[in-house]
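Novice: sequence-free structure coming up:
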């Protein structure tokens, strides 16, 4: 057994959880590398699919003695898809897990209030490995780091363009960076033009992208984004836009009172009036609210909220929903 492995003791179970698939893959790779220090993993590892695996089979694999090694790995992908009865078998196992097995559960999401999550967390402080994705605004820098790992550099514009075209999935982003790196010639950084000429758009615009453009009164961007939103209805969008208008009105009032530092807290309380379970607003979520609010007068904000209500009624009463919504967006953004 390698001495380095002795210096870095492993715990019996880990949950690698979060929506960043690339980060999850990196964590699991490091875990496999550490376990390989104890012996040949080809004889000492089992892989299960959470959607089809039986809890009894997973537990049996965990209790199997390692062969010519001190440790073995049992890996369960899509652990959030385990059936309740099978998850309960793992909960029971984790009450007294084998010291010669590392059980690695991978999941995109697993609620913290589930018995399985709590059972894994009780194994040790490092049992939960959080792989939540970066905020979209931070992704261009991530792309530039990816580029360096593939032997090239990206301009800031090139990195932003790739995120715009591909979306927020880091696995897809890394794959596209790798392709661009292979095709790139010369020592100059990859340019935005090069990215846009090589990469096809695969991402759909999100409702939040649209609402942010709407709040900034960027009509051109709103109309462009709407062409890339096949799965979001105009009914859902106008409701989100109306909510943002109310938030901007609150921001404008608070700025006039000189109390903008409490904006996130104030909006959190406001949201709970309509939905007691609403998540608290974070400062980063409202960082642009004051700037956007300054683009409107108080009267414009109040008027837009009223016309949103009238437009919603028209959309439900026979008017073409998409046409009515876009007419309203044009009116609000252009100040007509």
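Specialist: It's in. Every value quoted in this text rests on a predicted model; they were computed, and no experiment measured them.
Novice: what comes up buried for stretch 286-296?
Specialist: Of the residues in stretch 286-296, those with enough neighbours to count as buried (16 or more other Cβ atoms under 10 Å) are 286, 289, 292, 293, 296. Any C-beta I mention is one placed from the backbone N, CA and C, and that applies to glycine too.
Novice: This protein: strands as residue ranges?
Specialist: In the chain, the segments counted as strands under DSSP state E are 13-17, 45-49, 72-77, 101-107, 128-130.
Novice: Pairing partners for the first one, with directions?
Specialist: In this case it means strand 13-17. Paired neighbours of strand 13-17 in the sheet (DSSP bridges): strand 101-107 (parallel), strand 128-130 (parallel).
Novice: before we move on, what about the third one?
Specialist: Under the criterion DSSP bridges, strand 72-77 sits next to strand 45-49 (parallel), strand 101-107 (parallel) in its sheet.
Novice: most packed of those strands?
Specialist: strand 101-107 (a mean of 25; mean count of other Cβ atoms under 10 Å).
Novice: which outside residues touch it?
Specialist: When contacts are defined by Cβ atoms under 8 Å, 6 or more residues apart in numbering, strand 101-107 is touched by residues 10-17, 24, 28, 31, 35, 50, 58, 61-64, 66, 71-80, 90, 93-94, 97, 116, 120.
Novice: Show me the residue at the heart of the protein, geometrically.
Specialist: residue 133 (4.4 Å; Cα atoms, centre = their mean).
Novice: Pull up the per-residue confidence for it.
Specialist: What the model reports for residue 133 is a pLDDT of 88.
Novice: Now it: closest residue in space that isn't a chain neighbour?
Specialist: Nearest residue to residue 133, sequence neighbours excluded (Cβ to Cβ, 6 or more residues apart in numbering): residue 20, at 4.2 Å.
Novice: which residue ranges form the helices in the stretch 101-250 of the chain?
Specialist: Remark: helices of the stretch 101-250 of the chain, listed N- to C-terminal, are 115-121, 139-149, 156-166, 170-183, 192-198, 207-215, 219-226, 234-257; assignment by DSSP state H, counting those that start in this stretch.
Novice: and the angle for the last one with helix 219-226?
Specialist: Computed by axes from the mean of the first three to the mean of the last three Cα atoms, to 10 degrees, the angle separating helix 234-257 from helix 219-226 equals 140 degrees.
Novice: which ones are touching residue 171?
Specialist: Contacts were defined as Cβ under 8 Å, 6+ apart; by that measure residue 171 touches 21, 22, 25.
Novice: The second one and residue 35, how far apart?
Specialist: Using Cβ to Cβ, to the nearest Å, one gets 21 Å for the distance from residue 22 to residue 35.
Novice: Pull the contacting residues for the closest residue to residue 239 other than its chain neighbours.
Specialist: When the adjacent residues along the chain are set aside, residue 239 lies closest to residue 312, with 7.4 Å between them (Cβ to Cβ, 6+ apart). Under the criterion of Cβ under 8 Å, 6+ apart, the contact list for residue 312 reads 235, 238, 239, 242.
Novice: among those residues, who's most crowded?
Specialist: The member of the contacts of residue 312 that has the most neighbours, counting by other Cβ atoms under 10 Å, is residue 238 with 21 neighbours.
Novice: pretty sure that residue is touching residue 309, no?
Specialist: No: in terms of Cβ atoms under 8 Å, residue 238 does not count as a neighbour of residue 309; the distance is 9.5 Å.
Novice: surely residue 248 meets residue 296?
Specialist: Yes: distance between residue 248 and residue 296: 6.4 Å, which falls inside the contact criterion (Cβ under 8 Å).
Novice: count of residues packed around residue 137?
Specialist: Each residue near residue 137 was counted by other Cβ under 10 Å, and the total is 11.
Novice: And it, how far from residue 22?
Specialist: 18 Å.
Novice: can you check residue 101 too?
Specialist: Separation of residue 101 from residue 22 (Cβ to Cβ): 26 Å.
Novice: for the contacts of residue 312, which one is nearest residue 207?
Specialist: Comparing the contacts of residue 312 against residue 207 with Cβ to Cβ picks out residue 239 as the nearest, at 9.9 Å.
Novice: mind checking pLDDT for that closest one?
Specialist: Looking at residue 239, its pLDDT is 95.
Novice: Buried only: go through the contacts of residue 171 for me.
Specialist: By neighbour count, with 16+ other Cβ under 10 Å, the contacts of residue 171 hold 21, 22, 25 as buried.
Novice: Let's see which of these end up in helices.
Specialist: Among the buried ones among the contacts of residue 171, the subset assigned to helices under DSSP state H consists of 21, 22, 25.
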